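> here is a sequence together with a model predicted from it:
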Amino acid sequence: MTSSTLTDFHQPDAIALRDQVRAWVQGMAPDQGPDWEARGTTPRLVYQSLGQAGLLGLRHSLEWGGTARGPVASVILAEELCRSTYSGMAEAVMIHTDMSAVHLAHGGSQAICARHLPAMIRGDQICGVAVTEPGAGSDVARLSTRAEKRGDHYLLNGTKNYVTNAVHGDLIIVASKTDPDAKPTRAVSLFAVPTDLPGLTIRPMPRKHGMRSSDIAVMDFADAALPAGALLYEENQGFGAIMARFQDERLAVAAMSVGMAETALQVTLTHVRARQAFDGTLWDLQATRQRLSWLNAQTNGARALVHETAIRLARGEDCAAEVLMAKSLAGETLLDVIRGCLQLHGGLGFLEGETIERIGRDARVMTIGGGATEVLLEQVARRM
Amino acid sequence: MTALSFADPINLPEELVMMRDQVRRFVETEIVPNGDAWEEAEMIPREIFRKLGDMGVLGMRHPVEYGGTDLGPVASILLAEELGRSTYGGVPASVTVHTDMSATHISRRGSPEQKQKYLPGACAGTKIAAIAVTEPGAGSDVAGLKTRAVRDGDDFVINGSKIYITNGIYADFYIVAARTDPEAKGSRGISLFLVDKGTPGLIVGKKLRKHGDLCSDTAELFFEDLRVPADSLLGELHKGFYAIMDNFQNERMVLAGFSLGACMRALELTLEHTRTRKAFGGTLWDLQATRQKIAMLATKVSAARALTYHAAQMDAQGLDCIIEISQAKIFACETHVEVVNACLQLHGGMGFMHGTPIERMTRDARIQTIGGGASEVMLEEIAKRL
């Protein structure tokens, strides 16, 4: 019997997609990644190349040029893009495909969708999402950016930070309070905000610890007037919409963590098999084999949970707890993997420009972004 | 009883869900109320095997024509999980040694006569099986075993000893690994034999006292010119090592299943305890450290479960999955030890008291990272395949 009957991840279309993304990653020119890291962003040409390969529309409907492939495809895309070892590129792309533009598809008018989605699926426009503020991160209910209705406009005031893709992006999905008197879950709306909106200032943030192939910025709104048509979903329904899409977002982040861990293990395996020490290679030492094998088993545990959860999500099952678990475990496991892998590289792992050093820095945000582990575990506990 | 909701494995057939419900009821009504007495007696009554046989769960890995149902590895894991939920580790140890670790050698490699002689009784629970591989000088390193079997006319004469044999005292028949070719080195030259209880020269030593799994009997066996007919040879001559390694794959999945069931029940018990136990002006559950700890442990159990069922489904489809099974075995069993240790901690002083389920479960867990291939051996198995 062939493996194709095993799960959704073993179906021919899934295997073909994995091969396709892998081929795209292998086709990257050697100087591309270092260039992105140096410039602090993934250039638009990269999006366009992914768009031409049909990889930016996996979660969008056929109507706008997408292929509506579902969560299994997102997991494959995230894992394979991370194999590039430039996780910042993967992050920027996954935010574009799975964490921001999906709000247009779910909550935007026909006019907004027609204006942006086909271009985003081609990679001609870049999308991002702005929820976090200086005073509100994982605790979404605390956000304070205001959007006041003034006739056929909303007037936006406030500050968003840590907005990936804002520096070079075209459209950012922004969460703002529209009813300051309502309780937090009924107070927030989402808007599609063009980055050239008058009254909006975008300032790049300081260089990051990792994920340097993605750009990150502060967005300052000072009486920025936004046409009422930019409202997504119904007014004051933004909190629920954010929560609804969090499942996709967290699954994508979990899959990135799995892809990064697998890549780090692969890079390290190659290193220890070549590196001579104590009359053999590092791999000939049992301590090396045992450490890498245990990290391999843990990574595969996290991967099994991520894959199973993607399959459940695709079937429309309620798996809120499983998504939270998958994201928590994949991130925490990745950090364990990095610690072991960098150690086994010895002094080399401490040098800038080394692959494991870069993945190690990139990894550090994976237990923070998309909901910190501690926040997610609280939510798991609440479901017990 | 607090039921923690762990999502069911994907693609679980309806018939297995029904089987699981049946076993769960059996565990609650027949095992849990009597477990303490069995621990005291250091044995599980034969009647329990017969009742499990009547339910049809002892023959899930045996062919239909010999009284089995041939349901495959996923069924084995479900059974192990449910028995693991009993909180008496000796029960899954004793039962799964019978169903999945010993008699399976007969279904896989036995002659039609051997199948006819042993399997109907094994399926019915009237004949209990044990597997005798481990020796004082050879545990996870099977190739080091020294027990000898020498051909003598129409017989084999076996000499040597075995240790840590689960069901060793009360079994009706044993599958014994012995060296048949002393010239061949290591893994070559080992064969398996079927030995009936009562055969002259088979001496069952005293019951060994253990750290945990108290209700399962564990024995030392001695073979003193034990004479068995040549047709007791199980499988091919000198190919026993490969049979053991082959069956190990199933054994390891089943051990993972037992660990998963025990983990889920330990977390339920701990959830129940922390939600009712008053401390610092509220309950233990009101403390964030408690919630975070339990949530992360449940997360690891979920992942170990996904990994284990994935491996079982691969195995059911005949795919090469030694690496997946090795990953599942170490991940589930190491998680088991971590879970019971943390759960005992959250039970406080009560967890240290004899008779508290979590105290017993902590002792029972300890063998899981040792038996069926120690964690360190699992890691070498993985390393070989990276």
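Happy to help now that I have it.
> select the longest helix from chain A.
helix A:238-274 (DSSP state H).
> partner strands of the helix or strand following that one and their direction?
Next along the chain after helix A:238-274, taking DSSP states H and E as the criterion, comes strand A:276-277. Partner strands and pairing direction for strand A:276-277 (DSSP bridges) are strand A:280-281 (antiparallel).
> does the helix or strand following the strand it pairs with reach chain B?
Where DSSP H and E defines the elements, the next helix or strand beyond strand A:280-281 is helix A:286-314. Yes: between helix A:286-314 and chain B, judged by C-beta under 8 Å from any C-beta of the partner chain, the touching residues are A:286, A:289-290, A:292-294, A:296-298, A:300-302, A:304-305, A:307-308, A:311-312. (Glycine included, C-beta is placed from N, CA and C.)
> which residues touch the helix-or-strand element of chain B with minimal mean pLDDT?
Taking mean pLDDT, DSSP states H and E as the measure, chain B has strand B:278-279 as its least confident helix or strand, at a mean of 92. Strand B:278-279 is contacted from outside by residue B:287, using C-beta atoms under 8 Å, 6 or more residues apart in numbering or on different chains.
> so where's chain A uncertain?
A:1-5 (pLDDT under 70).
> what does it have sitting close to chain B?
A:1, A:3, A:5-7, A:269, A:286, A:289-290, A:292-294, A:296-298, A:300-302, A:304-305, A:307-308, A:311-312, A:317, A:319, A:321-322, A:325-326, A:328-329, A:332, A:374, A:377-378, A:380-381, A:383-384.
> on that earlier part again, partners of the least confident helix or strand of chain B in the sheet?
strand B:282-283 (antiparallel).
> may I see the buried residues of the following helix or strand past the partner strand?
Using DSSP H and E, the next helix or strand after strand B:282-283 towards the C-terminus is helix B:288-316. Within helix B:288-316, the residues scored as buried using 16 or more other C-beta atoms under 10 Å in any protein chain shown are B:290-316.
> quick check: angle from the helix or strand following helix B:288-316 to helix B:288-316?
The helix or strand immediately downstream of helix B:288-316 is helix B:322-347, counting by DSSP H and E. Helix B:322-347 runs at 160 degrees relative to helix B:288-316, counting by axes from the mean of the first three to the mean of the last three C-alpha atoms, to 10 degrees.
> now do the buried residues in helix B:322-347.
So helix B:322-347, judged by 16+ other C-beta under 10 Å, has buried residues B:322-344, B:346-347.
> same thing with stretch A:335-342?
A:335, A:337, A:338, A:340, A:341, A:342.
> tell me what the strand or helix carrying the second one is packed against?
Here residue A:337 sits within helix A:320-344, counting by DSSP H and E. Taking 3 or more C-beta pairs under 8 Å, 6 or more residues apart in numbering or on different chains; DSSP states H and E as the contact definition, the neighbouring helices and strands of helix A:320-344 are helix A:238-274, helix A:286-314, helix A:355-363, helix A:373-382, helix B:288-316.
> and the contacts of the shortest one?
Put plainly, it is helix A:355-363. A:37, A:85-88, A:91, A:209-212, A:257, A:260, A:263-264, A:267-268, A:271, A:334-335, A:337-338, A:341-342, A:345, A:349-351.
> any of these buried? List them.
Using 16+ other C-beta under 10 Å, the buried members of the contacts of helix A:355-363 are A:37, A:85-88, A:91, A:210-212, A:257, A:260, A:263-264, A:267-268, A:271, A:334-335, A:337-338, A:341-342, A:345, A:349.
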